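**Q** Here is a sequence with its predicted model. Questions after.
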Amino acid sequence: SSSSSSSSSSSSSSGALPVFYVYDSYRTPLDAWKRLLLPNGRNSLRGGPLDGVYLALYLNRGDERFASEGGFDGLYTYFAATAFSDGTRTSEWPRLSWWGRRLSKWFVPCVGPGYDDSRVRPWNSVSTRERAQGQYYSDMWAAAVDAEPTLVAVTSYNEWGEGTQIEPARHALSSSETGYQYQSYGEDPSEYLELTSQWVSTLISHKHQQQALLNASLLVALNQETLRLQARHHAMWRQAQQLYWERDSLPHSQQKGVYQRIQEMHTEWAELDAEREALRVALHELEGASSQPGGPSSGGFGMDADPFGGGGG
């Protein structure tokens, strides 16, 4: 199967890994991917020079198994024509995003400005999607942001053959012989790059807002847990104090059991103190993160580029 790759600040010193978008991954048997992508696979890439974040192409329901069972780190949708497959039905994206969060897997919806491959696949007109002066692109972006995915990828930067390019271009005929005309960008040659910039900002802002809400919920939960541990600590202290007071009045045969219980309580105290300290540190870090503008998280997006170079319009 073929693949395209993009780097997520890959650096051997930082430990960051490249991201590989594996095209048509579903055409390769699941067991073959297990051998490559599971840590204990016979030919595992994990931990070696070819390790990375491997994303499987999600086409139809059931393809989740390539990540949940086959060792892929997540899924991406690639195609720019909405409703072309289950993966490009934007109504599916919230479910896939939730699935990814539940299994600690990436979900990467791909957005595009439109689709028109009539020059290379004349029989595929059913997949043509009009750009609508940027509205189609914005609608896909809005659906992606609402799904709260790991990141968003763009299909594509310069795939002119399928009419998904967003690189700057001015209005022109591609051929004086055929009179073929690409779908209009509008007045501004950089319209789609500007739209991309706007939507990336929206994605990042949305992620910050979601992180702030999550932080607030975590703060409440951590404070409640702190109060519970404090109450437990005080109850144990009172119980131990009572045992100390009563031990001398007990028969000698029972005093040994009292001393043993007091020792057990000392151990429990130490464990409670460790839990309270861990909570204190977590609260301190969370309060610090919440006080930063926008919170600690950041959004991300990727862009598919034709490895052979794009045509002009």
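**A** Perfect, thanks for sending it.

**Q** Let me see the ranges of the strands in the stretch 201-313 of the chain.
**A** Per DSSP state E, counting those that start in this stretch, the stretch 201-313 of the chain has strands spanning 301-304. These are given in chain order.

**Q** Could you list which residues are in contact with the nearest residue to A147 once chain neighbours are set aside?
**A** Closest residue to A147 apart from its sequence neighbours, by C-beta to C-beta, 6 or more residues apart in numbering: W93 at 3.8 Å. The way it works is simple: take the backbone N, C-alpha and C, and place the C-beta from them, glycine included. Shown in contact with W93 (C-beta atoms under 8 Å, 6 or more residues apart in numbering): T77, F107, P109, A143, A144, D146, A147, P149.

**Q** Low-confidence stretches in the chain?
**A** Scanning the chain for pLDDT under 70 picks out 1-15, 173-176, 212-215, 247-248, 255, 283, 286-313.

**Q** What are the boundaries of the helices in the stretch 151-300 of the chain?
**A** 191-246, 252-290 (DSSP state H, counting those that start in this stretch).

**Q** looking at those, which is closest to E162?
**A** Closest approach to E162 among those (C-beta to C-beta): helix 191-246, 14.6 Å.

**Q** any idea how far the residue nearest to A147 is from W99?
**A** 10 Å (C-beta to C-beta, to the nearest Å).

**Q** got any residues that touch both of the two?
**A** Both W93 and W99 are contacted by F107, under the criterion C-beta under 8 Å, 6+ apart.

**Q** what about N158, neighbour count?
**A** 19 (other C-beta atoms under 10 Å).

**Q** just checking, it touches Y192?
**A** No - N158 is beyond contact range of Y192, at 11.1 Å (criterion: C-beta atoms under 8 Å).

**Q** what is in contact with the two at once?
**A** Common contact partners of N158 and Y192 (C-beta under 8 Å, 6+ apart): E167.

**Q** how far away is the most centrally placed residue in the chain from V108?
**A** The chain has T150 as the residue nearest its centroid, 1.9 Å off, counting by C-alpha atoms, centre = their mean. T150 sits 6 Å away from V108, going by C-beta to C-beta.

**Q** what residues are shared contacts of these two?
**A** Common neighbours of T150 and V108, counting by C-beta under 8 Å, 6+ apart, are G74.

**Q** Can you get me a residue count around L30?
**A** For L30, the neighbour count with other C-beta under 10 Å is 13.

**Q** Check the one 10 residues further on too.
**A** Close neighbours of N40, defined as other C-beta under 10 Å, add up to 9.

**Q** cool, the one 3 residues further on as well?
**A** Here the count is done by other C-beta under 10 Å, and N43 has 9 residues near it.
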